[in-house]
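*Asks:* Provide a 3D model corresponding to the input given below.
(2 chains)
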2 protein chains.
Amino acid sequence: MFEKIKHAGAVLRGYAHRTPIMTSRTLDEMVGARVFLKCESFQRVGAFKFRGAFNAISNLPEKEKRQGVLTYSSGNHAQAIALASKLLGVAATIVMPNNAPAIKRAATEGYGARVIEYDPDKSVREEVAESLLKKHNFTLIPPYDHADVIAGQGTAAFELFEDEKTLDLLLTPCGGGGLLSGSAVAAKNLDSNCRVIGIEPELADDATKSFHTKVLHTVKNPPTIADGTRTPSLGKLTFPLVLEYVDDMKTVSEEAIKEAVRFLFYRMKLVVEPSGALGVAALLSGAVPSHGRIGVIISGGNIDGETLTSILTRE
Amino acid sequence: MFEKIKHAGAVLRGYAHRTPIMTSRTLDEMVGARVFLKCESFQRVGAFKFRGAFNAISNLPEKEKRQGVLTYSSGNHAQAIALASKLLGVAATIVMPNNAPAIKRAATEGYGARVIEYDPDKSVREEVAESLLKKHNFTLIPPYDHADVIAGQGTAAFELFEDEKTLDLLLTPCGGGGLLSGSAVAAKNLDSNCRVIGIEPELADDATKSFHTKVLHTVKNPPTIADGTRTPSLGKLTFPLVLEYVDDMKTVSEEAIKEAVRFLFYRMKLVVEPSGALGVAALLSGAVPSHGRIGVIISGGNIDGETLTSILTRE
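*Replies:* Alright, predicted model coming up:
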């Protein structure tokens, strides 16, 4: 996998942004460590998802590129597939529930992707996708359980180590585990002394349970504000990688997530979505040990005005 | 003044952040130019004001440093003076109206400054300040009409030219004219072909009128959302500098300012206060010619949740 990450770095050059690493004296003083935030909120489509999507589509054989790709998502992965496909001249079809926010559908279509809606009360997205795949010979690019997607996501941590050399700890949000496993493989190969901890919301702690019991746990529509982590479980590829390369998993409360979003907004002037603030939430709430040099992957910045308002105006 | 700006650059090294320059393909496509945003929202205290305040206090004679400094402000300049004073071991006194937001008073006191309140219905801030200056031998550091303050503000544009070499146009917000005149002096000395345009809200167009008539105009408490530009007029020092070094002044509507804040939030994930978005507002609304390479000073990011909410949830 580490070789795949290095290859992905070459594939993404000139297409993905090399995102900035932001620091804050205030944050450092609050947590008693030097903290380096790798801000994927400034990545194209506003999230790390562009890395995996672009890498996976780039690596397809020409024939599969000509036939087009398909995915099911109403979130950042859908927009990432749409933009990556556009840049690579590949047709993209996105299966979305008919209750997905209009703004997300419009953004996806804005990149030129075809959106196919389904009624989540009557159909299962995997079945809708399956029938489309058979009919049109599309290639499925799933949101995390795919080697080239994982490799692409690992390039963010790779860049962080290129810039900062050594870290004592790396914190990464965990949903389906694509970002976490890619980051952990990069970290352990570039600085074997760096500990890697995945962070989940308490309300969506399936990966934490899976990690500690070594048995795959699932969760269904967890009511966390961190919508990027509402995935049901780790994947067939990501679970073993997490078990092998990740040192620990920790959870944070909803209030800690909101506090982190507020801190990033008011003190660092960064727009960060709740899932993207998990690492900072873990630091500020004391969920992880804090000393030395700490890298944090800020996974994305796609937060709508209503959600941000509800977080900034705390009750 | 250009020599003062170069000196200020040396004084600020290691104290001020070298703020990042952010770019956006979307913005470039929308305006048909390459746009470079110099993001002083990531400066210490969240605004360019730290540069001028730190430079001015640093350059004081030792005796004046020992006696302490004073300013009147409830905005970014107050916090800038407070933090700069703390870093330089100088006592700071800030005169604030007793109706200033509690959060701003707390932030200023948090940096160790002494806050003295006055009742704006009964007293004039200059008179309150004058009596304190006489009694305590404080040195006044005004928010813009001071050579070392202007020189400090000019270092942001100086860094922008260091990084981007040549620009066809530089856009800078204009309140009292400290940032604009410092930026214009830097620009004209580093790239004589670069045009410099100052941007004001339509509702606070005193400097635009002063520029075009060459007679100083004033405005009283203009009801613009861009609170950093509510200053009554250009200053004794800044007015002649603006006349000599600035090529033009343009205004933008309140709606254009809000649209720019929304664009910066949603598309670039940047937290920018309304005054800081004036340059982008001018570009997006077509108030300025747009081609080639354009630098924009994003002056600050200190926006409260209520104001941002009112902008994001447009009626």
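
*Asks:* going forward, measure contacts and count neighbours with C-alpha atoms only.
*Replies:* Will do.

*Asks:* get me the contact residues on the stretch 1-150 of chain A for chain B.
*Replies:* A:41-42, A:46 (C-alpha under 8 Å from any C-alpha of the partner chain).

*Asks:* mind listing the strands for chain A?
*Replies:* A:21-22, A:34-39, A:69-72, A:92-97, A:114-118, A:139-140, A:169-173, A:195-201, A:248-252, A:293-298 (DSSP state E).

*Asks:* the longest one pairs with which strands, and in what direction?
*Replies:* Spelled out, that is strand A:195-201. Here strand A:195-201 has these sheet partners by DSSP bridges: strand A:169-173 (parallel), strand A:248-252 (parallel).

*Asks:* domain-wise, how is chain A divided?
*Replies:* A:2-48+A:147-312, A:50-140 (automatic domain parsing).

*Asks:* could you single out the most deeply buried of the ones you listed?
*Replies:* domain A:2-48+A:147-312 (a mean of 21; mean count of other C-alpha atoms under 10 Å in any protein chain shown).

*Asks:* what segments of the stretch 1-150 of chain A are helices?
*Replies:* Ranges of helices in the stretch 1-150 of chain A, per DSSP state H, counting those that start in this stretch, are A:2-12, A:25-31, A:49-58, A:62-67, A:76-88, A:102-110, A:125-136, A:147-164.

*Asks:* contacts for stretch A:188-203, please.
*Replies:* A:2, A:158, A:161, A:165-175, A:180, A:184, A:187, A:207-208, A:222-224, A:226, A:229, A:245-254, A:257, A:278-279, A:282 (C-alpha atoms under 8 Å, 6 or more residues apart in numbering or on different chains).

*Asks:* ends of that stretch, how far apart?
*Replies:* End-to-end distance for stretch A:188-203: 28 Å, by C-alpha to C-alpha, to the nearest Å.

*Asks:* could you tell me the least trusted of the helices of the stretch 1-150 of chain A?
*Replies:* Note on the helices of the stretch 1-150 of chain A: helix A:102-110 shows the lowest mean pLDDT, a mean of 84.

*Asks:* run the chain-centre distance for that helix.
*Replies:* 19 Å (C-alpha atoms, centre = their mean, to the nearest Å).

*Asks:* what packs against the lowest-mean-pLDDT helix or strand in chain A?
*Replies:* Least confident element among the helices and strands of chain A, by mean pLDDT, DSSP states H and E: helix A:102-110 (a mean of 84). Judged by 3 or more C-alpha pairs under 8 Å, 6 or more residues apart in numbering or on different chains; DSSP states H and E, helix A:102-110 is in contact with helix A:76-88, strand A:114-118.

*Asks:* nearest to B:Leu88 among these would be which one?
*Replies:* In terms of C-alpha to C-alpha, the element of these nearest to B:Leu88 is helix A:76-88, at 45.7 Å.

*Asks:* so what touches that closest one?
*Replies:* Outside helix A:76-88, the residues that touch it by C-alpha under 8 Å, 6+ apart are A:44-47, A:49-50, A:53-54, A:57-58, A:71-72, A:91-92, A:94, A:107-109, A:111-113, A:143, A:302.

*Asks:* just checking, A:Val280 touches A:Ala260?
*Replies:* Yes: judged on C-alpha atoms under 8 Å, A:Val280 makes contact with A:Ala260 at a distance of 5.8 Å.

*Asks:* how about the residues of the stretch 151-300 of chain A near chain B?
*Replies:* Taking C-alpha under 8 Å from any C-alpha as the contact definition, the stretch 151-300 of chain A meets chain B at A:265-272.

*Asks:* what's the per-residue pLDDT of A:Pro120 here?
*Replies:* 80.

*Asks:* who's in contact with it?
*Replies:* Neighbouring residues of A:Pro120 by C-alpha under 8 Å, 6+ apart: A:97-98.

*Asks:* now A:Asn221: closest residue in space, sequence neighbours ignored.
*Replies:* A:Arg230 (6.0 Å; C-alpha to C-alpha, 6 or more residues apart in numbering or on different chains).

*Asks:* next up, the contacts around the residue in the stretch 101-250 of chain A that chain B sits nearest to.
*Replies:* Nearest to chain B in the stretch 101-250 of chain A, going by C-alpha to the nearest C-alpha, is A:Ala107, at a distance of 11.3 Å. Neighbour list for A:Ala107: A:Gln79 [criterion: C-alpha under 8 Å, 6+ apart].
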